[in-house]
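> Got a predicted structure plus its sequence, pasted below:
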Amino acid sequence: MKISNPERAKILVNALPYIQEYNGKIVVIKYGGNAMINEDLKNSVVHDIVLLRLIGVKVVLVHGGGPEITDMLSKVGKETQFIDGLRVTDKETVEITQMVLSGKISKTLVNLIECCGGKAVGISGVDGHMISAKVKNDKLGYVGEITDINPQIILDVLEKGYIPVVSTVGCDDDGNIYNINADTAAAKIAGALKAESLISLTDISGILMDKDDPDTLISHITVGGTEELIKKGIISDGMIPKVECCTTAIRDGVKKVFIIDGRIPHSILIETLTDEGIGTMFEGDSND
């Protein structure tokens, strides 16, 4: 479809209020799901991030990498075990996790951003003791529960005009390294930064009243509303921890949190710079 010059101009004019709203503000993007695997979607995400940075948005990219960790463990002949959806992480596994997240994935994303005209720096939760953690459950090994976020290194990188690409490993005062859930890390980092918004890329369109009917998308929900939906079973299973991360971010001072479908090309720009919006937006209750 060919877009005429007047149509292009109209698109830019319509985006102006949103550009003004987000200019100079911090937006944390949690990157995961199909958008990390599909090359076309990966390029779409990276272009969105670079464009946002060029119009003055301070973007922080937080990524996971479960499938690539599993793939690397398989290559070295190590079986992957899960308990309640969490990877059992012994000493060897956490070393491989750190290598995959902070090495392969982080540097690949940095390279992609720079190839698209952006400037990026890969950092992990270990750098500057950004993510402090402790053992979450002895049965899980080196799976971490966040005890503190020190956002100073992120702020320093943003101040220099770079996009921080954050890999979600943490550490403790004894030098132990921990694998940290990326949704949890993104929420806590966004809260510590008092971000304007947190955008979570997923493989679903958002919160649905009927999980089998995409037309039942809930476009707007409050923290209190999520509690009701969990009680009713509308939010269930694996969506509960994701939604709890969203409400945690709101309670920690993030103004708006979005769950959006990362399978849609340029979903980040559609959510931030248009009237449409394509996912579910979380906000605080009116009396907060």
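Great, that's in hand.
> C-alpha only now, for contacts and for neighbours.
OK.
> helix, strand or coil for Ile221?
strand (DSSP: H, G, I helix; E, B strand; the rest coil).
> does the residue nearest to it when sequence neighbours are not counted belong to a helix or a strand, and which?
Nearest non-adjacent residue to Ile221, counting by C-alpha to C-alpha, 6 or more residues apart in numbering: Phe282, 5.1 Å away. Assessed by DSSP states H and E, Phe282 sits inside strand 280-283.
> hey, C-alpha coordinates of that strand in PDB?
The C-alpha coordinates for strand 280-283 follow below in PDB (Å, rounded to 0.1, in the frame of the first residue of the first chain):
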ATOM      1  CA  THR A 280      -4.200  -3.600  27.700                       C
ATOM      2  CA  MET A 281      -3.300  -0.500  29.700                       C
ATOM      3  CA  PHE A 282      -2.900  -0.700  33.500                       C
ATOM      4  CA  GLU A 283      -3.300   2.400  35.700                       C
END
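> Now do the buried residues in stretch 189-200.
Ile189, Ala190, Gly191, Ala192, Leu193, Lys194, Ala195, Glu196, Ser197, Leu198, Ile199, Ser200 (16 or more other C-alpha atoms under 10 Å).
> Which of the residues you listed sits closest to Asp40?
Ser200 (18.4 Å; C-alpha to C-alpha).
> where does the closest one land on pLDDT?
pLDDT recorded at Ser200 is 93.
> can you map out the strands along the stretch 101-250 of the chain?
Applying DSSP state E, counting those that start in this stretch to the stretch 101-250 of the chain gives strands spanning 120-124, 131-135, 144-149, 163-167, 169-171, 177-179, 197-202, 207-208, 217-218, 220-222.
> any idea of the angle the second one forms with strand 144-149?
Orientation check (axes from the mean of the first three to the mean of the last three C-alpha atoms, to 10 degrees): strand 131-135 against strand 144-149 gives 140 degrees.
> Other residues contacting strand 131-135?
Strand 131-135 is contacted by residues 125-126, 141-150, 169-172, 178 when judged by C-alpha atoms under 8 Å, 6 or more residues apart in numbering.
> filter these to the buried ones?
125-126, 141-146, 148-150, 169-172, 178.
> ok, so of these, who is nearest Asp40?
Nearest to Asp40 among the buried ones among the contacts of strand 131-135, with distances taken as C-alpha to C-alpha, is Val169, at 27.0 Å.
> list the contacts for that closest one?
Counting by C-alpha under 8 Å, 6+ apart, Val169 has contacts Gln98, Leu101, Ser124, Gly125, Val126, Ile131, Ile177, Tyr178, Asn179, Ile180.
> same thing with Ser267?
Val45, Ile260, Asp261, Ile278.
> Between the strands of the stretch 101-250 of the chain, which one is closest to Val76.
strand 177-179 (18.5 Å).
> For Ile218, give its distance to Ile123.
Counting by C-alpha to C-alpha, to the nearest Å, the gap from Ile218 to Ile123 is 35 Å.
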